[in-house]
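Asker: Provided below are the primary sequence and the corresponding predicted coordinates.
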Amino acid sequence: MGGAALFKTRLKRMLRSPTSQNLLALYGVQAANYLFPLLTLPFLARVLGPEGWGLLAIAQSFAQYLSLLIEYGFTLSATRAVAQHRTDRGRLAELLFGVTGARLVLAFGAVLLTLAVAPWIPGLNQAPLLLWSGVFWAIATGFSPLWYFQGQERLRWVAGLEILTKAVALLLIFALVRTPQDAWKVLALQGLASALASGVALYLAYREVGFGRPGVHQIGEALRSGWGMFFFRGAVSLYTVGNVFILGLFVPPQLVAFYAGAERLTKAFLSLLEPLSRTFFPRLSYLVRRSPRDAARLSGRITLVMGLGGVVGALLVAWLAPWLVALLLGEGYEGAVPVMRILVLLLPMIALSNALGIQWMLALGMDVPFNRVILWAGLLNLGLALLLVPRFAHFGMAYAVVLVEVFVTVGMFFYLLRAGKSPWQLRGFQ
């Protein structure tokens, strides 16, 4: 009885800690971002059909490009800055004003970019409503101030708001999408949910630091400080979110649907590990300056957990692939099964590269070698896609993505070892 009472006391203490609450909040947001779309997947795959759902996937991929432009890497750079200045209200106000103003400028740029390239996007040039619904979603999502609260390790209320609004959008999608011509409503409803959540969260953030307008100097500082992370996120997009869009330039929407379905089902399992990365990044950034040895120990443990989780997930997904495709995509999507069994190799690779790269290299301030690996990976992905997709269609894209992710993981491990800064090398640091 005494042991049970002690365990209960320790569990309560752990759940009350900022890190645990931050982790639980991020898992909730992750569920809204990945689980909710996964819940709509069987419905949309059947209602829209392979061709209609393939077009929706291309529009979503293009919108993700725009969202990355507007987000500009602030999720990492601004989170790190907030974590380092969390007790300085004046500095927090400058960060909030600067990031918000920068995103307004970037959103305007995203609209201009869409006007310039829209006539050249296969499929979407004949579906303007779907295209501009994606632009709206990108802008609404890109303005989320989650970084502000994440840097202070207090996400509970803001995360709850995001989950609630996206749950409402989920229900409206089931109610309002009835034919392939309704595909635009999916992105429009998701955009409305993000706009509401972002607007309320921005109000809460401004209420803490004081309301004001961003100045040119603050905007310029935000863009300069976020450039390294934007460079990283942009390079990453060349071999992650952009693959569906790139594939859509070469193959019919039906084959895009096979690849996109396999990719989403596979990465849904990977999303279970991502909150660990986002939760511990502020903690590692904090510990690296104050206790490198403790930071290295924590990083080593996280890397081990995420790596093992990726291996288990890959084996599980490969085994369940036929059943998952039949259940979640339905008849006509059988071509997604072999693609899915190629993409499962991404799970351990991405888990390890996130642990070694995003969490550890960036916490150490190794932005330059980190970005170097990512840039070469993005260029390699484009080269492999141009080489393999015309010959092997959606299978070629799957092979390209896996090879690139292997390159990323090995490259990051190599840089850390050469610099003598891997978690295992620094654990004995005094």
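Answerer: Sure, I can see it.
Asker: What about V111, how many residues nearby?
Answerer: Neighbours of V111 under the rule other C-beta atoms under 10 Å: 14. (Glycine included, C-beta is placed from N, CA and C.)
Asker: how close does G212 sit to F74?
Answerer: 18 Å (C-beta to C-beta, to the nearest Å).
Asker: Compare those two and say which is more crowded by neighbours.
Answerer: F74 (31 against 13).
Asker: pLDDT score for the more buried one?
Answerer: The model reports F74 with a pLDDT of 81.
Asker: ok, now which ones touch it?
Answerer: Residues in contact with F74 (C-beta atoms under 8 Å, 6 or more residues apart in numbering) are 99, 102-103, 147, 222, 226, 229.
Asker: How about N125?
Answerer: 118-119, 131.
Asker: shaky segments in the stretch 51-200 of the chain?
Answerer: The model of the stretch 51-200 of the chain has pLDDT under 70 over residues 153-155.
Asker: out of the contacts of N125, which is most surrounded?
Answerer: Among the contacts of N125, the one with the most neighbours (other C-beta under 10 Å) is L131, at 23 neighbours.
Asker: Export the contacts of N125 as JSON lines, with columns for secondary structure and distance to N125.
Answerer: Listed next are those as JSON lines, based on DSSP: H, G, I helix; E, B strand; the rest coil; distance: C-beta to C-beta, whole Å:
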{"residue": "A118", "secondary structure": "helix", "distance to N125": "6"}
{"residue": "P119", "secondary structure": "helix", "distance to N125": "5"}
{"residue": "L131", "secondary structure": "helix", "distance to N125": "8"}
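Asker: quick check, nearest of those to I58?
Answerer: Distance to I58 across the contacts of N125 (C-beta to C-beta) is lowest for L131, with 9.5 Å.
Asker: Grab the longest helix from this structure for me.
Answerer: Ranked by residue count and defined by DSSP state H, the top helix of the chain is helix 367-419.
Asker: Can you name the secondary structure element that comes next after that helix?
Answerer: The first helix or strand that comes after helix 367-419 along the chain, using DSSP states H and E, is helix 423-426.
Asker: so how far is that next one off the chain centroid?
Answerer: Centroid separation for helix 423-426 versus its chain: 27 Å, with C-alpha atoms, centre = their mean, to the nearest Å.
Asker: now do stretch 105-114
Answerer: Per C-alpha atoms, centre = their mean, the centroid offset for stretch 105-114 relative to its chain is 21 Å.
Asker: which of the contacts of F74 sit farthest apart?
Answerer: Top of the distance list for the contacts of F74 (C-beta to C-beta): R103 and M229, 13.8 Å.
Asker: Pull up the overlap in contacts between those two.
Answerer: Common neighbours of R103 and M229 (C-beta under 8 Å, 6+ apart) are 72, 74.
Asker: hang on, the earlier thing: tell me the most packed of the contacts of F74, by neighbour count.
Answerer: Among those, V99 has the most neighbours (other C-beta under 10 Å), with 30 neighbours.
Asker: thinking it is in contact with E221, fair?
Answerer: No - checked against C-beta atoms under 8 Å, the pair V99 and E221 is beyond contact range at 9.8 Å.
Asker: Identify all contacting residues around stretch 308-326.
Answerer: Counting by C-beta under 8 Å, 6+ apart, 261-262, 265-266, 269-270, 272-273, 333-334, 336-337, 340-341, 344-345, 347-352 sit against stretch 308-326.
Asker: How about stretch 105-123?
Answerer: Contacts for stretch 105-123 (C-beta under 8 Å, 6+ apart): 55, 58, 62, 66, 69-70, 72, 124-125, 128, 131-132, 135, 138-139, 142-143, 219, 223, 248-249, 253.
Asker: before we move on, what about stretch 259-269?
Answerer: By C-beta under 8 Å, 6+ apart, stretch 259-269 touches 34-35, 37-38, 41, 45, 53-54, 57, 61, 243-244, 247, 313, 316-317, 321, 324-325, 328-329, 333, 336-337, 339-340, 343-344, 346-347, 394, 397-398.
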